[in-house]
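Novice: Here's a sequence, model it:
(one chain, ligands or ions: 1)
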Amino acid sequence: MNSEGRTRLNRLPEWAALGKHREQLGETHLRELFAADPERGTRHTLRVGDLYLDYSKHLVTDETLTLLRELAAVTGVAELRDAMFRGEKINTTEDRAVLHTALRAPRGAVIEVDGEDVVPGVHAVLDKMGAFADKVRAGEWTGHTGKPIKNIVNIGIGGSDLGPAMAYEVLRSYTRRDLTFRFVSNVDGADLHEAVRDLDPAETLFIVASKTFTTIETITNATSARNWLLTELRAGQEAVAKHFVALSTNAEKVEEFGIDTANMFEFWDWVGGRYSYDSAIGLSLMIAIGPERFREMLDGFHLVDEHFRTAPPEENAPLLLGLLGVWYGAFFDAQSHAVLPYSHYLSKFTAYLQQLDMESNGKSVDRQGNRVDWQTGPVVWGTPGTNGQHAYYQLIHQGTKVIPADFIGFARPVDDLLPGLVAQHDLLMANFFAQTQALAFGKTPEEVRAEGVAEELVPHKTFQGNHPTTTILADALTPSVLGQLIALYEHKVFVQGAIWNIDSFDQWGVELGKVLAKKIEPVLTEGEGGEQLDSSTAGLVSAYRSLRGR
Ligand code: F6P
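Specialist: Model (predicted):
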C-alpha cells in the first residue's frame with residue numbers, strides 16, 4: 001500500500017495473474033497463434049475514424065487481452081480519463097488541469113476549469129488566429145517597409161517547436177508553397193543563422209512561441225532575431241510590431257520583450273507544452289495550411305478524443321495500445337518502442353512522439369512520491385521505414401532485443417505528387433507489409449535449408465520472427481488523419497501513465513540541467529566560480545576556455 005491506500009501496481013493480483021500468464025505463454029510463437037486461429041488477422045483489428053489498426057501480430061492471446069483490461073480496470077484508467085475530460089487537476093505536482101482535449105472541443109461544448117467554461121476562450125483564440133492567418137496568406141499583413149510577409153519563422157523549443165515543425169512537414173502538400181516556413185529551436189546560433197541568412201527581413205515574420213516566455217533558448221533566439229531584423233532594416237523598436245507576434249500564456253513577459261499584446265495569441269496553463277500544437281502554438285501551421293484545414297485537423301483530434309472517452313474497453317484503441325506497451329515493458333523487459341512511418345512526410349513524427357511519450361512517462365516515482373519498481377516509459381525511436389530497413393532493421397530482425405514497433409502507412413500517396421512518382425507508392429507499401437510479415441513469422445531453419453543454403457550459413461540466414469508490431473493504415477495523410485494519429489498517441493501515453501501511477505503531465509526532470517547551465521555560463525565567459533565544479537566538469541570547462549583562447 002502507498003500513502004493514499006492504493007495498492008502498489010506490482011502487488012495487485014491482476015499483475016500477478018499477468019505474470020503467471022506470461023510464464024504459461026513462454027515461447028509461444030506468432031506462427032502458432034496464427035495457425036490456431038485462421039481469423040486472427042481480421043479479428044484482432046479495430047477501426048477508429050479513418051484509422052485501420054491491426055494488432056494481430058502481437059504476442060497476446062484473448063486471455064492476455066482480458067487480463068490486461070482487468071489491470072486497466074483495477075488501476076482506475078477510466079476514472080482518471082473521466083477526471084481529465086472533466087477538467088479536474090490531475091496534474092497534481094503542478095496543481096493543474098490537463099485539458100488539451102478542450103482545444104479541439106466543438107463550439108458550444110462546455111468544459112469547466114475552476115467553475116469557468118474554457119471553450120468560448122478556445123474558439124475566440126482560434127478565430128483570432130484564423131483572421132491573422134488569412135491576412136498573412138492574402139498578403140495583407142505587411143512588414144515595416146510595406147512589403148507583404150513571405151517568410152514565417154517560428155522560434156520555440158520542445159512543445160513550442162516540435163508540434164508545428166512536425167505537422168508542417170506532415171501536411172506539406174496542403175501548405176502554401178509560395179510562402180517559406182522555417183523552425184528555429186536550438187540555442188546554437190547556427191540554427192537561427194541558417195534559417196534567416198537567405199531571407200529578406202522586410203518580408204519576414206517571427207512567431208515567438210513559448211508557453212512560459214522564460215525559456216532561455218527561445219528568448220535568446222528571439223532577441224537575436226530582433227537584433228538581426230532591426231539592424232538589417234535599419235529600423236527602431238517600432239518595426240517590431242509588424243514583424244513579431246507571440247504565442248504564450250504569459251502576457252507580462254511578452255510585453256516586457258517588446259511585443260504588442262494585441263499581437264499575442266493566448267493559451268492556458270491547462271495545456272501542457274507537449275500537448276500544445278493544436279492551441280495558439282499551431283499558428284505557423286495555420287498560416288501554412290489555412291484555418292479551414294487546421295479545423296479539419298482539430299476535428300480529427302476530437303474524433304479520437306470521443307472514441308477514447310466512450311468506446312468500450314474491447315474496442316478502445318488508445319487503451320489497447322497503452323496496455324500492449326505495459327505488457328512488453330513489464331513482462332518482456334522491452335526497453336524501447338520503435339515508430340516506423342512509411343511516409344516521407346512523417347519524417348519528424350517520431351521526434352515529436354519522443355517528447356510526447358518520454359517527457360510524459362519518463363518518471364521513476366509514483367503520484368504519491370514513492371519510487372516505482374516497475375518499468376515506466378520506453379525509449380521511443382525510429383525514422384521513416386524504408387530508410388530504416390537499410391540501417392537498423394537488422395537489429396530488430398536478428399538482434400537480441402524485444403522491440404515492439406508501430407508501422408504507419410497510407411493507401412494513397414499525396415494528391416500533388418508528380419504523376420511519374422505515383423507508381424512508386426505500391427513499392428513503398430509492399431515494403432511496409434513485407435516487414436511486419438517478416439518480423440512476425442520469420443524464416444525457420446527448415447525453410448532456409450529448403451533453399452539449398454550451406455549448413456554453416458543456416459543459423460545466419462534464419463529469422464526467429466515473433467517480433468511484435470502494430471500496423472496502422474489509413475486512406476490518406478489528411479489534416480484530420482494527422483489529428484487522429486496524434487490524439488491516439490496522446491491517449492496511449494495517458495493510459496500508460498495511469499497504470500504506472502505516475503504524473504504524465506509534469507516534467508521536473510528538465511529543471512536541473514537548466515539551473516546548472518546558468519551557473520556554468522559565467523564560468524565559461526568570465527572564468528570565475530570554477531572551483532565549485534566537480535573535477536570532471538572543471539577540467540572540461542578549463543579545456544574549453546583554453547581552446548577558446550581565454
Ligand atoms: O523541456 C521542458 C519544457 O518545459 C517543455 O515541456 C516545453 O515544451 C518546452 O520546455 C518549452 O517551453 P516553453 O513553451 O515554455 O518555452
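
Novice: who's in contact with residue 250?
Specialist: Residues in contact with residue 250, defined by CB atoms under 8 Å, 6 or more residues apart in numbering, are 210-214. (Each C-beta comes from the backbone N, C-alpha and C, glycine too.)

Novice: let's see 6 Å
Specialist: The contact partners of residue 250, by CB atoms under 6 Å, 6 or more residues apart in numbering, come to 212-213.

Novice: any idea how far it lies from residue 178?
Specialist: Distance, residue 250 to residue 178, by CB to CB, to the nearest Å: 33 Å.

Novice: How about residue 11?
Specialist: From residue 11 to residue 178 the distance is 61 Å (CB to CB).

Novice: now the residue in the stretch 1-150 of the chain that the ligand sits nearest to, nearest residue through space, not along the chain?
Specialist: Using CB to the nearest ligand atom, the single residue of the stretch 1-150 of the chain nearest to the ligand is residue 94, 10.9 Å away. Excluding the flanking residues, the one nearest residue 94 by CB to CB, 6 or more residues apart in numbering is residue 506, at 5.3 Å.

Novice: Spell out which residues of the stretch 401-550 of the chain are next to the ligand.
Specialist: Within the stretch 401-550 of the chain, the positions adjacent to the ligand are 507, 510 by CB under 6 Å from any ligand atom.

Novice: In the stretch 401-550 of the chain, which residue sits nearest the ligand?
Specialist: residue 510 (4.1 Å).

Novice: Likewise for the stretch 351-500 of the chain?
Specialist: residue 359 (5.8 Å).

Novice: Tell me how far that residue lies from residue 503.
Specialist: Residue 359 sits 12 Å away from residue 503, going by CB to CB.

Novice: likewise residue 547?
Specialist: Note on residue 547: its distance to residue 503, by CB to CB, is 42 Å.

Novice: Looking at the two, which one has more neighbours?
Specialist: Between residue 547 and residue 503, counted using other CB atoms under 10 Å, the more crowded position is residue 503 (20 against 8).

Novice: Three-state assignment for that one, please.
Specialist: With DSSP: H, G, I helix; E, B strand; the rest coil as the basis, residue 503 sits in coil.

Novice: Quick check on it: phi, psi?
Specialist: phi -90, psi 110 (degrees, to the nearest 10).

Novice: That one reaches residue 96, doesn't it?
Specialist: No. At 10.2 Å, residue 503 and residue 96 do not qualify as touching, with contact defined as CB atoms under 6 Å.

Novice: circling back: I figured the residue of the stretch 351-500 of the chain closest to the ligand hits residue 507, correct?
Specialist: Yes. Assessed by CB under 6 Å, residue 359 is found in contact with residue 507 at 5.1 Å.

Novice: buried residues in the helix or strand harbouring residue 516?
Specialist: Here residue 516 sits within helix 511-526, counting by DSSP states H and E. Of all the residues in helix 511-526, those buried under the rule 16 or more other CB atoms under 10 Å are 520, 523.

Novice: Could you pull up the mean pLDDT of that helix?
Specialist: Taken as a whole, helix 511-526 has a mean pLDDT of 94.

Novice: Stretch 84-102 too?
Specialist: Mean pLDDT, stretch 84-102: 97.

Novice: Repeat that for stretch 140-151.
Specialist: On average, stretch 140-151 scores 98.

Novice: Likewise for stretch 205-225?
Specialist: Rounded mean pLDDT across stretch 205-225 is 97.

Novice: Pull the contacting residues for the residue of the stretch 351-500 of the chain closest to the ligand.
Specialist: With contact set as CB under 6 Å, 6+ apart, residue 359 has these partners: 274, 507.

Novice: Okay, helices next: where are they in the stretch 251-400 of the chain?
Specialist: Along the stretch 251-400 of the chain, the segments classed as helices by DSSP state H, counting those that start in this stretch run 251-257, 283-289, 291-310, 317-331, 349-354, 360-361, 385-389, 393-398.

Novice: Also the stretch 401-550 of the chain?
Specialist: Along the stretch 401-550 of the chain, the segments classed as helices by DSSP H, counting those that start in this stretch run 424-441, 445-450, 458-461, 479-500, 511-526, 535-547.

Novice: rewinding a little: how near is the residue of the stretch 401-550 of the chain closest to the ligand to residue 40?
Specialist: 43 Å.

Novice: quick one, which of the two is more surrounded?
Specialist: Between residue 510 and residue 40, residue 40 has the larger neighbour count (other CB under 10 Å), namely 17 against 11.

Novice: Give me the pLDDT for the more buried one.
Specialist: For residue 40, the predicted pLDDT is 98.

Novice: next one: the one 10 residues further on
Specialist: In this prediction, residue 50 carries a pLDDT score of 98.

Novice: That one reaches residue 481, doesn't it?
Specialist: Yes. When contacts are counted by CB under 6 Å, residue 50 is listed as touching residue 481 (5.2 Å).

Novice: what residues do those two have in common as contacts?
Specialist: Shared contacts of residue 50 and residue 481 (CB under 6 Å, 6+ apart): residue 474.

Novice: Checking the residue of the stretch 1-150 of the chain closest to the ligand next. Helix, strand or coil?
Specialist: Applying three-state DSSP: residue 94 is coil.

Novice: Need the phi and psi values for residue 112.
Specialist: Torsion angles, degrees, to the nearest 10, at residue 112: phi -110, psi 140.

Novice: Just list the residues touching residue 496, thanks.
Specialist: By CB under 6 Å, 6+ apart, the neighbours of residue 496 are 322, 325-326, 361.

Novice: Please disregard the earlier target; I meant residue 58.
Specialist: 324, 468.

Novice: what about it, which helix or strand?
Specialist: Counting by DSSP H and E, no helix or strand carries residue 58.

Novice: any idea how far it lies from residue 542?
Specialist: With distances taken as CB to CB, residue 58 is found 53 Å from residue 542.

Novice: Likewise for residue 414?
Specialist: Distance of residue 414 to residue 542, given as CB to CB: 53 Å.

Novice: Equivalent analysis for residue 374, please.
Specialist: Per CB to CB, residue 374 is found 43 Å from residue 542.

Novice: Could you do residue 192 as well?
Specialist: Counting by CB to CB - residue 192 and residue 542 are separated by 29 Å.

Novice: can you check residue 297 too?
Specialist: In terms of CB to CB, residue 297 sits 51 Å off from residue 542.

Novice: Pick out whichever of the two has more residues nearby.
Specialist: residue 297 (29 against 15).

Novice: nearest spatial neighbour of that one, skipping sequence neighbours?
Specialist: residue 479 (3.8 Å).

Novice: interface residues of the stretch 251-400 of the chain facing the ligand?
Specialist: By the rule CB under 6 Å from any ligand atom, the part of the stretch 251-400 of the chain lying against the ligand is 273-274, 359.

Novice: Could you list the low-pLDDT ranges of this protein?
Specialist: 1-5 (pLDDT under 70).

Novice: Break it down into its structural domains.
Specialist: 44-97+301-503, 115-289, 512-548 (the TED database).

Novice: and the residue of the stretch 201-350 of the chain nearest the ligand?
Specialist: residue 273 (2.5 Å).

Novice: ok, that residue - contacts?
Specialist: With CB under 6 Å, 6+ apart as the criterion, the residues that contact residue 273 are 158-159, 211.

Novice: which one of those sits closest to residue 131?
Specialist: Nearest to residue 131, judged by CB to CB, of the contacts of residue 273 is residue 211 at 22.4 Å.
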